[in-house]
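> what follows is a predicted protein model with its sequence.
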Amino acid sequence: MLLLPLVDPRRRNYALFPGVLRLLRFLAPSFMVVLHVLAVRASLGLPVDMSLAFRVLLPVFFILLGNQLGRIRFNYFVGIRVPWTLDNEEVWNRTHRLAGKLWVGAGVLALGAVFLPPVPGTIAMATVIGLATLVPVVYSCWISRGLRP
């Protein structure tokens, strides 16, 4: 993550969202470390509900990242990188603003799945987060076609 701005052709844009980069540099490894610690505890025979942990951690990750997603500026490594967003800065900005709102909403809804039994809760979480991830991609394609001459 520290080297991305050095190899990105749009490296000048990284200076426009330093707070988001710091958050992402903290969130991604923290998420993995917490899951790893819980997995090690479970493998040692200590009581850990991995399903519950995952159903809490992933929605929180989406809420925190979604809250900042609209601030990510046009680049090749961080954000929703599909051909349509990488082709047009306006499509990038509009897609990320929508995705940020959807990710926060999906995170809140998925967090509610904690109160469901494990299997339906996991299915509900996966469905909500999957839709919140897919909708911005489809939206970016749709608005990209509308912006073409």
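Now that the structure is in, tell me what you want to look at.

> and the helices in this structure?
Counting by DSSP state H, the chain has helices at residues 4-7, 18-43, 50-69, 83-87, 89-112, 118-147.

> for these, which one sits closest to Phe77?
helix 4-7 (4.6 Å; Cβ to Cβ). Backbone N, C-alpha and C define where each C-beta goes, glycine included.

> okay, now Ile129: neighbour count?
21 (other Cβ atoms under 10 Å).

> err, Gly107, not the other one
24.

> next: His96.
Neighbour count for His96, taken as other Cβ under 10 Å: 24.

> that one contacts Ile80, doesn't it?
Yes - counting by Cβ atoms under 8 Å, His96 sits close enough to Ile80 to count as a contact (6.3 Å).

> spit out the residues that contact these two alike.
Pro136 (Cβ atoms under 8 Å, 6 or more residues apart in numbering).

> hang on, the earlier thing: how about the helices of the chain in JSON lines, adding distance to Asn75 and mean pLDDT?
Shown next, in JSON lines, are the helices of the chain (distance: least, Cβ to Cβ, whole Å; pLDDT from 0 to 100):
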{"stretch": "helix 4-7", "distance to Asn75": "8", "mean pLDDT": "86"}
{"stretch": "helix 18-43", "distance to Asn75": "10", "mean pLDDT": "93"}
{"stretch": "helix 50-69", "distance to Asn75": "13", "mean pLDDT": "94"}
{"stretch": "helix 83-87", "distance to Asn75": "9", "mean pLDDT": "94"}
{"stretch": "helix 89-112", "distance to Asn75": "9", "mean pLDDT": "96"}
{"stretch": "helix 118-147", "distance to Asn75": "15", "mean pLDDT": "94"}
